[in-house]
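Trainee: Need coordinates for the below:
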Amino acid sequence: MGKIIAIANQKGGVGKTTTSVNLAASLGVLEKKVLLIDADPQANASSGLGIDVDFVEIGTYQILEHSNLPEEAIVKSTSPNVDIIPAHIDLVAIEIELVDKENREYMLKQALEKIKDNYDYILIDCAPSLGLLTLNALTAADSVLIPIQCEYFALEGLGKLLNTIKSVQKIHNPDLDIEGLLLTMYDSRLRLSNQVVEEVQKHFNDMVFKTIIQRNVKLSEAPSFGESIIAFDATSKGASNYLSLAEEIIKKNSN
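Mentor: Prediction:
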């Protein structure tokens, strides 16, 4: 049965989409069957895996609305073993449209019921907010992976996200786990980066992934070519970091 992992943090620019795309590609390279769901209206995960978002006719919006089945929205990505349900800017409207619906927090969960056994992992790239879209992702997920930038304001907002996760566990999804906290954009030359790593590891010890994603120019270049870091430059530091993260997740979930 497929494990559903939401990649969430309401803070923007922490590496959510970079992690979603490259973790999906790394799991695919390690011969896991992966579905990536783009639940961010900016649709960067879709374009980052070679999808032309201007031509998306069926995507996350239609799935959440239940006007189409997930099978109709799934497309092959440029990465081996990775399928994607793409997003389009129209996803912006979904928060308003779902407001009056009954069970509005369960729309994604219900849509994924029939297809989750077709994959080893389903990753959901969440929008940088704690709105209905993210709530749908957390209600549908088995666990949540939280990217944290190694910067000054790293821990700001983390408390708010953890409180949201607690209330989702209490009301909508008692089985939701925290997959782990992932330190991103680490620069070993900066004292601040090292302080953030120490602080996060001290506060959250076992919840923090051993893998740390280092700052890497190739990681920021790859999306403009519609490729994951694995396809763009498999020898880069970014590729080896994300492969290491994928191995850590596989090992953790095989116990």
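
Trainee: Can you show me the helices along the stretch 101-250 of the chain?
Mentor: 107-112, 132-140, 158-171, 191-204, 217-221, 229-232, 237-254 (DSSP state H, counting those that start in this stretch).

Trainee: Can you tell me which of the ones you listed is most buried?
Mentor: Highest mean neighbour count among the helices of the stretch 101-250 of the chain (mean count of other CB atoms under 10 Å): helix 132-140, with a mean of 25. Using the backbone N, CA and C atoms, a C-beta is placed for each residue, glycine as well.

Trainee: circling back: tabulate the helices of the stretch 101-250 of the chain (a markdown table), appending distance to Gln42 and mean pLDDT.
Mentor: Formatted as a markdown table, those follow (distance: least, CB to CB, whole Å; pLDDT from 0 to 100):
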| stretch | distance to Gln42 | mean pLDDT |
| --- | --- | --- |
| helix 107-112 | 18 | 94 |
| helix 132-140 | 11 | 93 |
| helix 158-171 | 19 | 89 |
| helix 191-204 | 25 | 87 |
| helix 217-221 | 15 | 92 |
| helix 229-232 | 19 | 94 |
| helix 237-254 | 21 | 95 |
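
Trainee: Make CSV out of those and add distance to Gln62.
Mentor: Shown next, in CSV, are the helices of the stretch 101-250 of the chain (distance: least, CB to CB, whole Å):
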stretch, distance to Gln62
helix 107-112, 10
helix 132-140, 14
helix 158-171, 24
helix 191-204, 37
helix 217-221, 31
helix 229-232, 28
helix 237-254, 29
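
Trainee: Nearest to Gln10 among those helices would be which one?
Mentor: helix 158-171 (5.9 Å; CB to CB).

Trainee: Quick one: list the elements packing against that closest one.
Mentor: Applying 3 or more CB pairs under 8 Å, 6 or more residues apart in numbering; DSSP states H and E, one finds that helix 158-171 contacts helix 132-140, strand 143-149.

Trainee: residues in contact with that helix?
Mentor: Applying CB atoms under 8 Å, 6 or more residues apart in numbering, the contact partners of helix 158-171 are 8-10, 130, 134-135, 138-139, 144, 146, 148, 176, 178.

Trainee: angle of it against strand 143-149?
Mentor: Inter-element angle recorded for helix 158-171 and strand 143-149: 170 degrees (by axes from the mean of the first three to the mean of the last three CA atoms, to 10 degrees).
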